[in-house]
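Engineer: Based on what follows, work out the 3D shape:
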Amino acid sequence: MSKITSTKKVVVEDFPAEVRPWIKKLLDPLNRFLEQAYYALVNGLTIADNLKGQVSSLDVVASQEYPIAFAWRLNERPTALLVANCSESTGGTVAAFSTGWTYANGQVLVTFTGLDTAKKYTIKLVGLV
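Structural biologist: Alright, predicted model coming up:
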């Protein structure tokens, strides 16, 4: 895929004189949309603003019982649950772990395997529709 390059605006002077009065009304919103689309596609897309999903933060305590449930606020079932970040409460490094999850009755039920059961963690999850 190639890099998106900036394009010039579509200007009224590019059109014949007889259509300029009505085409100007079309070009103003069109140029605003094209500019917004360009800036969004060039490092402007964000999970929070542009994707249908939900970011949730969970605290996993020592000797945690699973699954941990959290409310799913969107009107469609999640199709993916990604671990965005995991931090150990004392600032230590986090060893590799795995995540399993299900969706039921407006809640996501998540289980973590491989975390040290004597430590506390904060895990940020991104659920996507």
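
Engineer: Low-confidence ranges, the protein, go.
Structural biologist: The chain contains residues with pLDDT under 70 at 1, 6-7.

Engineer: In it, what residue spans correspond to helices?
Structural biologist: For the chain, helices defined by DSSP state H occupy the ranges 20-41, 47-50.

Engineer: looking at those helices, which is closest to Thr102?
Structural biologist: The minimum distance between Thr102 and those falls on helix 47-50, with 22.0 Å, by Cβ to Cβ. Quick note: C-beta positions are derived from backbone N, CA and C, even for glycine.

Engineer: outside of the closest one, which residues touch it?
Structural biologist: 40, 53, 55, 126 (Cβ atoms under 8 Å, 6 or more residues apart in numbering).

Engineer: and these, which are buried?
Structural biologist: Buried members of the contacts of helix 47-50, scored by 16 or more other Cβ atoms under 10 Å, are 53, 126.

Engineer: Of the contacts of helix 47-50, which belong to strands?
Structural biologist: In strands, judged by DSSP state E, the following of the contacts of helix 47-50 are found: 53, 55, 126.

Engineer: Reformat those as JSON lines; add distance to Ala17.
Structural biologist: Below are the ones in strands among the contacts of helix 47-50 laid out as JSON lines (distance: Cβ to Cβ, whole Å):
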{"residue": "Gly53", "distance to Ala17": "49"}
{"residue": "Val55", "distance to Ala17": "52"}
{"residue": "Val126", "distance to Ala17": "53"}
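
Engineer: how close does the closest residue to Val61 other than its chain neighbours get to Ser2?
Structural biologist: In space, and not counting its chain neighbours, Val61 is closest to Lys120: 5.4 Å by Cβ to Cβ, 6 or more residues apart in numbering. In this view, Lys120 and Ser2 are 46 Å apart by Cβ to Cβ, to the nearest Å.

Engineer: All set, thanks.
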